[in-house]
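In: Predicted model follows, preceded by the sequence.
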Amino acid sequence: MKALKLYGARDIRFEEADEPIIKNADDVKIRIRSVGICGSDMHRYALLGPYIKGMIWGHEFSGEVVEVGTAVTDLKAGERVSACPAIYCGKCDSCKRGKYAQCLKLSVIGAYRPGAFAEYIVMPRENVISISGGISFDEMAVVEPSCVALHGLYNAGGISAGDTVAVLGCGTVGTMTVQWAKIMGAKKIIAIDIDDKKLAVAQYAGATDLINTRGKQSYEKVFELTNNKGVDIAVEAAGTAETSAQVLALPGKGGKVIYMGIPYSDVMMKRLYFEKIVRNELSIVGTWNAISGPFPGKEWITCVHFLESKIIQTKMLITHRLPLNEGKKAFEMAIQGKEYHGKIVLHP
């Protein structure tokens with residue numbers, strides 16, 4: 001089969017790979033129809049390189065079942081599926097408590113085992129999620145980042161009806177956070193970004209107020225929009241050193257900050273921001289991955305239900321669709337930033 005393999009920073013190759021086979025009784029072989037490029041994939045491509053040289057990577061995907069192991073009785077060939085890409089050890093204390101996102105050896109396909117930038121993949125049955133007809137493969141491929149957003153909100157105790165929420169960074173995860181905030185009953189949802197096109201998508205997703213912070217700080221406008229109270233929940237979904245500090249100034253007294261983004265540089269902050277933690281008695285919540293117990297968790301059940309019910313949407317996030325053999329072109333376009341892009345989906 002053909003696949004995209006990562007050999008080093010900006011060294012991606014479309015080449016032959018061994019087609020995976022059923023080895024275990026609970027294996028499911030899937031023909032991949034759509035696979036999304038995640039922000040973490042772009043960091044791997046642009047800066048970090050692979051965990052293992054020449055690994056097939058990628059983890060946001062959908063497809064159809066081709067073959068199942070002998071112990072799999074509830075899936076059949078042709079069934080439309082997505083899959084949770086996380087692999088947990090099942091042995092550490094976190095796993096024994098059902099806290100799979102905190103597994104000591106947690107990994108994602110594409111790191112130490114072949115990922116989804118390929119024609120086929122084999123996954124354990126418990127990772128595979130069936131999705132009914134009427135939802136395109138492209139839309140199904142964006143279930144995983146939707147679960148990432150929901151997992152973060154669940155970690156913080158959810159959103160109460162009438163809450164005010166600020167989402168700093170309106171990429172895929174940030175915009176899905178806006179959607180979930182609306183569904184959970186937030187009264188005011190403030191979307192913050194430096195790109196007007198991303199803000200427009202966030203508004204379509206349910207944001208009530210938009211702030212473009214290019215060249216300026218966001219907290220003064222946030223307090224103006226909230227009658228100087230600040231928000232109840234501020235979500236950092238941009239993953240930059242600057243926004244990781246600035247988000248602390250957005251909540252009011254007793255508010256919460258949820259960190260969903262991952263900065264790839266040291267976070268240094270002004271006293272103004274750090275002092276907010278103490279003086280406003282903020283609750284700081286970290287969130288990682290998209291899983292809980294029973295695995296893969298209520299995030300996946302909830303996301304698929306709302307997707308099938310047409311209550312959440314993922315289609316509006318997708319801006320580019322390309323064949324898998326144009327993967328290098330897609331990554332270069334994304335990191336160079338010469339044209340606007342949202343979610344990029346590749347088709348094997």
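Out: Yes, it's here.

In: Now do the nearest residue to Gly78 once chain neighbours are set aside: how many residues are near it, please.
Out: Leaving aside its sequence neighbours, Gly78 sits nearest to Glu64 (CB to CB, 6 or more residues apart in numbering; 5.8 Å). Using the backbone N, CA and C atoms, a C-beta is placed for each residue, glycine as well. Glu64 has 14 neighbours, counted by other CB atoms under 10 Å.

In: same thing with Ser218?
Out: Using other CB under 10 Å: Ser218 sits among 21 other residues.

In: What's the separation between it and Lys187?
Out: When distance is defined by CB to CB, to the nearest Å, Ser218 is 19 Å away from Lys187.

In: I'd assumed Lys29 was in contact with the residue nearest to Gly78.
Out: No - between Glu64 and Lys29 there is no contact under CB atoms under 8 Å: 10.2 Å.

In: residue contacts, Ser244?
Out: Glu236, Tyr259, Gly261, Pro263, Val267, Met269 (CB atoms under 8 Å, 6 or more residues apart in numbering).

In: Which of the three states applies to it?
Out: Assigned with DSSP: H, G, I helix; E, B strand; the rest coil, Ser244 falls in the helix class.

In: Give the buried residues for stretch 61-81.
Out: By neighbour count with 16 or more other CB atoms under 10 Å, stretch 61-81 contains the buried residues 61-63, 65-69, 72, 75, 79-81.

In: Highest neighbour count among the contacts of Ser244?
Out: Glu236 (27 neighbours).

In: For that residue, which non-adjacent residue is spatially closest?
Out: Glu236 sits nearest to Val247 (CB to CB, 6+ apart), 4.2 Å away.

In: From Leu104, how far out is Ala25?
Out: For Ala25 relative to Leu104 (CB to CB), the value is 26 Å.

In: Thr302 too?
Out: 26 Å.

In: Same drill for these two, tell me which one is more crowded.
Out: Neighbours per residue, other CB under 10 Å: of Thr302 and Leu104, the larger number sits with Thr302, 17 against 11.

In: And the helix or strand containing the more buried one, what does it pack against?
Out: According to DSSP states H and E, Thr302 maps onto helix 298-308. In terms of contacts (3 or more CB pairs under 8 Å, 6 or more residues apart in numbering; DSSP states H and E), helix 298-308 is packed against helix 143-155.
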